[in-house]
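Peer 1: take this sequence and fold it.
(3 chains)
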Amino acid sequence: MDLIDFIIICIKVVLVFAATMLAVMGMIYAERRISAFIQNRLGPNRVGPKGLFQPLADGLKFLMKEDIIPTAVNKPLYLLAPAMLLIPALMTFAVIPFGSSLTLFGRQISLQVANINIGVLYILALTSVGVYGIVLAGWSSNSKYPLLGGLRSSAQLISYELSMGLAIVAIVLMTGSLRLNDIVSSQQGHLFSWYVFKQPLAFLIFLIAVYAETNRLPFDLAEAEQELVGGYHTEYSSMKFAMFFMAEYANMITAAAFTVTLFFGGWDIPFVDEAAMGNWGALLSGIAFILKTAFFLFLYIWVRWTFPRFRYDQLMNLGWKVMLPLALLNIFITGGILTIIS
Amino acid sequence: MTLSLLFYIISTLTIGSALLVVLNRNAVYSAVLLVFTFFNLSILYLLLEAYFLAVLEIIIYAGAIMVLFLFVIMLFNVGKEQVLPKIMSFQRAVSLFLLVIFFTGVSLFTIQGVQDLHQPAGSASIGNVTAIGEALFSKYLFPFEIASILLLVALIGTVYLAKRKI
Amino acid sequence: MATVVTSYEPTFWDKLYIPALFQGLMLTLKHMFKKKVTIQYPDEKHVPPEGYRGLHRLNKYPDGRIRCVACEMCAAACPAHCIHIVPGPSPWEEGKERYPVRFDIDLLRCIFCGFCEMACPEKAIELTEIYDFADYSREGLWIDKAGLLEIYELTKDKNFYDNSNEE
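Peer 2: I've put the predicted structure just below:
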């Protein structure tokens, strides 16, 4: 690895980070506008053209707010918790391939920050670490509602992580690799080589588990405004509060990108050979990836404003008595079919 | 050279945070510090090029087990020291004895050892997913299955203890 | 008579919930493209319906004389005691002999019930459709005779908010 490679990696890191933050802002805008549209309202449309600068105004407002640290909190953990949530959320995107490779000045640049051989596990590891932010925020606030939110969230995340992991196992069995690039390249070709058509059950389980993992409705029991005030971030204010929200949206973006990578061919455009088209192919594949991810982000918002929240026992029943057996069954069937074929 | 330096930094952090886990009086702090220790351990695995083990360390220990520990600590709301039993002098003597044995052992190894501690030493495939899978399902199949049965027994036992009326 | 309650037994297809979930999603999607009900307030104003009870006004005869005869019926009817009238002899030669020297309404006390309007024998006091008259001070919400007559000029011809839309 020479200096230029190093510079390229640095540029990619900065680019992906900036893109994620920009997407977070876009998501905040989209969430507010789409929720308004679904409720026959207009939503924020005053700041800038069509209200596009609303997230900037929101951010400015958060910066200007007084940062209150309640007296009875456990200060070190209280201060640490938002960062513990945000950092894994921003780190996850590193292994997701967002386009085929680009050739610039005789150098092949793959559109991915880190092509590691255990990409799938890397994402699972970081999402499982993200719980600490929520749990510790809940505990260190020294208040009833955050504590309940934190407890709920930790139980929920552990329950659904299992089904999510098992749903991914089926994909890994079919690909024979934990590398996300291999998973994408094995889905190339025609439309039906996407795993969503080969593994519909795994896709369904994964999608539901991902909603639970990102604490989004219908699984947002950790926040549950009506019962827990604000859940784990009740006691937070100003920029720390904003960090929780940024982490939530960053998690959603990564989850959507991960869904696309695993089940919808990643940057693959069906019936098109991106590699043969050179740099234009890379650009098109990047656009395809963004469009697919955007659809799943839209689905997040759409689902949020359609379905009511689960009750806690319903959530646990669904996780342990429905999703887990189904995921195990799916692995069993996939393994059986793969053995018969080979 | 940089790897060596990284190794020493990380191992110092590991030992330091592990010591703090034990010496700390606040149960939640201990749990958080233990998570930090696991992270450092996984970086040590990364230095050994055992990527799979490194990630598993985080997924299983940091991501699942420690969350449950923290869950329990938070549920019982263990305060400072109140549940810690008085350390008896007998226990103290035994632990001191074990500590001395442990450190003599470690120092003997370090004095005799020639290689740098962090070297992969020709076992680069040890952290490989395929290698581990093959080893588990061929060479170590029996212990693997025994371990899973042990876990199952523990699981059933826990359920039985927790729920008398089944 | 006993009624036979037949409960709907969900089929397997129902228990899957996926078609129902899809139906729900389609419904919200349909709403996304419906006409929006938002009125963008400072730019476009809601036009209140006929009979809306907003800000008061004091009516005048076509020749400019004030209709009010300071009988204080409105003040008596007012449940909030927000109308304060000082009567005096009318300065005009013909017509009514009495007229209000002062006619003040404390809008902070007023509950906009419209009793004054009903009590008035001369159809002098009336509630208009004006609803956005917030002010920064308490004094600004104490409206006197001149103010009430001014409001009459503003609202006598047509709906106040229709007017502002045309401009």
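Peer 1: need the pLDDT of residue A:184.
Peer 2: Looking at residue A:184, its pLDDT reads 82.
Peer 1: the residue nearest to it when sequence neighbours are not counted is in what secondary structure piece?
Peer 2: Nearest residue to residue A:184, sequence neighbours excluded (CB to CB, 6 or more residues apart in numbering or on different chains): residue A:266, at 3.6 Å. C-beta: built from backbone N, CA, C; applies to glycine. Residue A:266 belongs to no helix or strand when assigned by DSSP states H and E.
Peer 1: let me see the contact set for residue A:266.
Peer 2: The neighbours of residue A:266, taking CB atoms under 8 Å, 6 or more residues apart in numbering or on different chains as the test, are A:97, A:180, A:183-184, A:187, A:260, A:289.
Peer 1: how near is it to residue C:30?
Peer 2: Distance of residue A:266 to residue C:30, given as CB to CB, to the nearest Å: 31 Å.
Peer 1: ok, residue A:249 next?
Peer 2: 26 Å.
Peer 1: the two: which is more packed in?
Peer 2: With neighbours defined as other CB atoms under 10 Å in any protein chain shown, residue A:249 and residue C:30 compare such that residue A:249 has more, 25 against 10.
Peer 1: helix or strand for that one, which one?
Peer 2: helix A:238-263.
Peer 1: residue A:13 touches residue A:114, doesn't it?
Peer 2: No: assessed by CB atoms under 8 Å, residue A:13 is found out of contact with residue A:114, at 9.1 Å.
Peer 1: which neighbours do these two share?
Peer 2: residue A:94.
Peer 1: ok, back up a step: take the contacts of residue A:266 and keep only those in helices.
Peer 2: Mapping those onto helices (DSSP state H) picks out A:180, A:183-184, A:260, A:289.
Peer 1: check chain A for the residue nearest chain B and tell me.
Peer 2: Taking CB to the nearest CB, chain B has its nearest neighbour within chain A at residue A:128, 2.8 Å off.
Peer 1: residues contacting residue A:28?
Peer 2: Residue A:28 neighbours (CB under 8 Å, 6+ apart): A:54-55, A:58, A:245, A:249.
Peer 1: which one of these is nearest chain C?
Peer 2: residue A:54 (15.1 Å).
Peer 1: the closest residue in space to the closest one that isn't next to it in sequence is in what secondary structure piece?
Peer 2: Counting by CB to CB, 6+ apart, residue A:54 lies nearest to residue A:44, which is 4.3 Å off, once chain neighbours are set aside. Following DSSP H and E, one finds residue A:44 outside all helices and strands.
Peer 1: residue A:44 contacts residue A:52, correct?
Peer 2: No: counting by CB under 8 Å, residue A:44 stays clear of residue A:52, with 9.4 Å between them.
Peer 1: these two: who's more crowded?
Peer 2: Taking neighbours as other CB under 10 Å, residue A:44 and residue A:52 compare with residue A:44 leading, 19 against 15.
Peer 1: ok, and for stretch A:96-109, which residues are buried?
Peer 2: Buried residues in stretch A:96-109, counted by 16 or more other CB atoms under 10 Å in any protein chain shown: A:96-102, A:109.
Peer 1: low-confidence regions, the chain specifically.
Peer 2: Unless you meant another one, I'm taking chain A. A:1, A:106, A:274-275 (pLDDT under 70).
Peer 1: chain C is the one I meant
Peer 2: Along chain C, the parts satisfying pLDDT under 70 run over C:1, C:158-159, C:163-167.
Peer 1: isn't residue A:51 up against residue A:45?
Peer 2: Yes: contact criterion CB under 8 Å: residue A:51 and residue A:45 qualify, at 4.0 Å.
Peer 1: which residues are in contact with each of those two?
Peer 2: Joint contacts of residue A:51 and residue A:45 (CB under 8 Å, 6+ apart) are residue A:33.
Peer 1: next up, the contacts around the residue of chain B found nearest chain A.
Peer 2: Chain A sits closest to residue B:63 of chain B, with a gap of 2.8 Å, by CB to the nearest CB. Taking CB under 8 Å, 6+ apart, we find residue B:63 in contact with A:124-125, A:128-129, A:131, A:161.
Peer 1: closest one of those residues to chain C?
Peer 2: Nearest to chain C among the contacts of residue B:63, with distances taken as CB to the nearest CB, is residue A:161, at 22.5 Å.
Peer 1: tell me, how many residues neighbour the closest one?
Peer 2: Neighbours of residue A:161 under the rule other CB under 10 Å: 22.
Peer 1: so which helix or strand takes in the closest residue to it other than its chain neighbours?
Peer 2: In space, residue A:161 comes closest to residue A:128 once its chain neighbours are excluded; the distance is 5.8 Å by CB to CB, 6+ apart. Residue A:128 belongs to helix A:119-129 when assigned by DSSP H and E.
Peer 1: quick one: the next helix or strand after that helix to helix A:238-263, angle?
Peer 2: Using DSSP H and E, the helix or strand that follows helix A:119-129 in sequence is helix A:131-140. Interaxial angle of helix A:131-140 relative to helix A:238-263 (axes from the mean of the first three to the mean of the last three CA atoms, to 10 degrees): 150 degrees.
Peer 1: what sits up against helix A:131-140?
Peer 2: A:73-78, A:80-86, A:88, A:146-151, A:153-154, A:157-158, A:215, A:222, A:231-233, A:236, A:244, A:247, B:28, B:32, B:35, B:63, B:67, B:70-71, B:74.
Peer 1: after it, next one along is what?
Peer 2: Scanning forward in sequence from helix A:131-140 by DSSP H and E, the next helix or strand is helix A:144-175.
Peer 1: how about that next one: buried residues?
Peer 2: Buried-residue list, helix A:144-175, by 16+ other CB under 10 Å: A:145-175.
Peer 1: quick one, helices of chain C?
Peer 2: C:12-16, C:18-32, C:73-77, C:115-119, C:145-155, C:160-166.
Peer 1: okay, residue B:121: pLDDT?
Peer 2: On the pLDDT scale, residue B:121 is placed at 51.
Peer 1: for residue 155, what are its contacts?
Peer 2: Reading this off chain A. By CB under 8 Å, 6+ apart, the residues touching residue A:155 are A:316, B:71.
Peer 1: to clarify, I was referring to chain C.
Peer 2: Contacts for residue C:155 (CB under 8 Å, 6+ apart) come out as C:57, C:128-130.
Peer 1: for the buried ones among those residues, write the corresponding ChimeraX selection.
Peer 2: Filtering the contacts of residue C:155 down to the buried ones (16+ other CB under 10 Å) takes a single ChimeraX command:
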select /C:57,128,129,130
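Peer 1: tell me how far the closest residue in space to residue A:85 that isn't next to it in sequence lies from residue B:21.
Peer 2: Closest residue in space to residue A:85, ignoring its immediate chain neighbours: residue A:133 at 2.6 Å, by CB to CB, 6+ apart. Applying CB to CB, the value for residue A:133 to residue B:21 is 20 Å.
Peer 1: does anything pack onto the longest strand along chain C? Which helices or strands?
Peer 2: Using DSSP state E, we find that the single longest strand of chain C is strand C:98-106. With contacts defined as 3 or more CB pairs under 8 Å, 6 or more residues apart in numbering or on different chains; DSSP states H and E, the packing partners of strand C:98-106 are strand C:83-89, strand C:142-143, helix C:145-155.
Peer 1: relative to residue A:332, which of those is closest?
Peer 2: Closest to residue A:332 of the helices and strands packed on strand C:98-106 is helix C:145-155 (CB to CB; 77.6 Å).
Peer 1: put the alpha carbons of that closest one into PDB.
Peer 2: In PDB, the C-alpha atoms belonging to helix C:145-155 read as follows (Å, rounded to 0.1, in the frame of the first residue of the first chain):
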ATOM      1  CA  LYS C 145     -65.500  53.500  20.800                       C
ATOM      2  CA  ALA C 146     -63.200  54.800  18.100                       C
ATOM      3  CA  GLY C 147     -61.700  51.400  17.600                       C
ATOM      4  CA  LEU C 148     -65.100  49.700  17.500                       C
ATOM      5  CA  LEU C 149     -66.300  52.100  14.900                       C
ATOM      6  CA  GLU C 150     -63.200  51.600  12.800                       C
ATOM      7  CA  ILE C 151     -63.900  47.900  12.800                       C
ATOM      8  CA  TYR C 152     -67.300  48.700  11.500                       C
ATOM      9  CA  GLU C 153     -65.700  50.500   8.600                       C
ATOM     10  CA  LEU C 154     -63.400  47.500   7.900                       C
ATOM     11  CA  THR C 155     -66.100  44.900   8.000                       C
END
